[in-house]
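# got a predicted model here, sequence first, then my questions.
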Amino acid sequence: MNNRIVIIPTFNEIENIKAIIEKVLSLKPIFNVLIVDDGSPDGTAQAVKSVQNDQPARVFLIERKGKMGLGTAYIAGFKWAIENQYDFIFEMDADFSHNPKDLIRLFYACASPEELKNENMEPEKAQSADMAIGSRYINGVNVVNWPMDRVLMSYFAGFYVRFITGMPIQDATAGFVCYRKKVLETIPLDQIKFIGYAFQVEMKFTTWKYKFNILEVPIIFTDRRKGTSKMSTNIFKEAIFGVIQLKINSLFNRYHRAS
């Protein structure tokens, strides 16, 4: 069985969904796709099913009854991926802001030399990380088609997260990530609190507190050309105040990893 799964949460992504699935399926090595759709009224789930009919062993769908938030969508996807024994579990947006080809680079970052050798890939490129982050800011600012105010807000949000938490990650709000299964098996997923962009910070912060090896991989982020952004003021507020709450809560938590 293919041991890589790409989780893509969706709400009203009818303009992008077929194209993004087909692009991921075209990659070598092979990646399977799990869509978690929050009851999109535009027919996103139906579009996924039409692709699924042709690729039943590689395209999977979780349908939820309403818009329940990014974080809960990923938690549902993580649990499904663990249950189905995937070793490498990826997060990616549906709108092509993340280049699907960069999934391969994230896989290299997390794979061991032996795993790459078994895939007939280049074992010398293995970096054996536990979490790999597709980072917009590890090598300067690599964002295309965003207005300057949003670039600055995102960039300084990263600085703010580092200042409050002490976490040495340049792009803590990034949503393009590869996890090794053991990370998601260690983190108590039902205790993850946040549902918006603060979810991304919380997952990275918790992974770091459990002392897993985290690697940032430089990517170019391109703003969506089709569909509508899900960013809102409430999501931004959650991220700002959630970081402080994360730091305070961490002072009372024990992060013990089973050997």
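Nice, thanks for sending it over. Numbers count the residues shown, from 1 in each chain.
# setting the sequence-adjacent residues aside, check what's closest to residue 222.
Closest residue to residue 222 apart from its sequence neighbours, by C-beta to C-beta, 6 or more residues apart in numbering: residue 144 at 4.4 Å. In this view, the C-beta of every residue, glycine as well, is placed from N, C-alpha and C.
# ok, and for stretch 2-21, which residues are buried?
3-17, 20-21 (16 or more other C-beta atoms under 10 Å).
# how much distance is there from that stretch to the middle of the chain?
Distance, stretch centre to chain centre, for stretch 2-21: 12 Å (C-alpha atoms, centre = their mean, to the nearest Å).
# what of stretch 112-132?
Per C-alpha atoms, centre = their mean, the displacement of stretch 112-132 from the mean C-alpha position of its chain is 20 Å.
# compute the first-to-last residue distance for that stretch.
End-to-end distance of stretch 112-132 (C-alpha to C-alpha, to the nearest Å): 13 Å.
# which residues in the protein form helices?
Using DSSP state H, the helices of the chain run over residues 17-25, 44-54, 70-83, 102-110, 113-118, 148-165, 181-186, 198-209, 233-250.
# gap between the residue lying closest to residue 102 once chain neighbours are set aside and residue 143?
The shortest distance from residue 102 to any non-neighbouring residue, by C-beta to C-beta, 6+ apart, is to residue 219 (5.1 Å). According to C-beta to C-beta, to the nearest Å, residue 219 and residue 143 sit 10 Å apart.
# find residues that contact each of the two.
Residues touching both residue 219 and residue 143 (C-beta atoms under 8 Å, 6 or more residues apart in numbering): residue 136.
# tell me which of those two has more neighbours.
More crowded of residue 219 and residue 143, by other C-beta atoms under 10 Å: residue 219, with 24 against 19.
# do I have it right that the more buried one meets residue 142?
Yes. Here residue 219 lies in contact with residue 142, judged by C-beta atoms under 8 Å, at a distance of 6.6 Å.
# what do the two both touch?
In contact with both residue 219 and residue 142: residue 136, using C-beta under 8 Å, 6+ apart.
# on that earlier part again, and the residue nearest to residue 102, what is it in contact with?
Neighbouring residues of residue 219 by C-beta under 8 Å, 6+ apart: 98, 99, 102, 105, 134, 135, 136, 142, 176.
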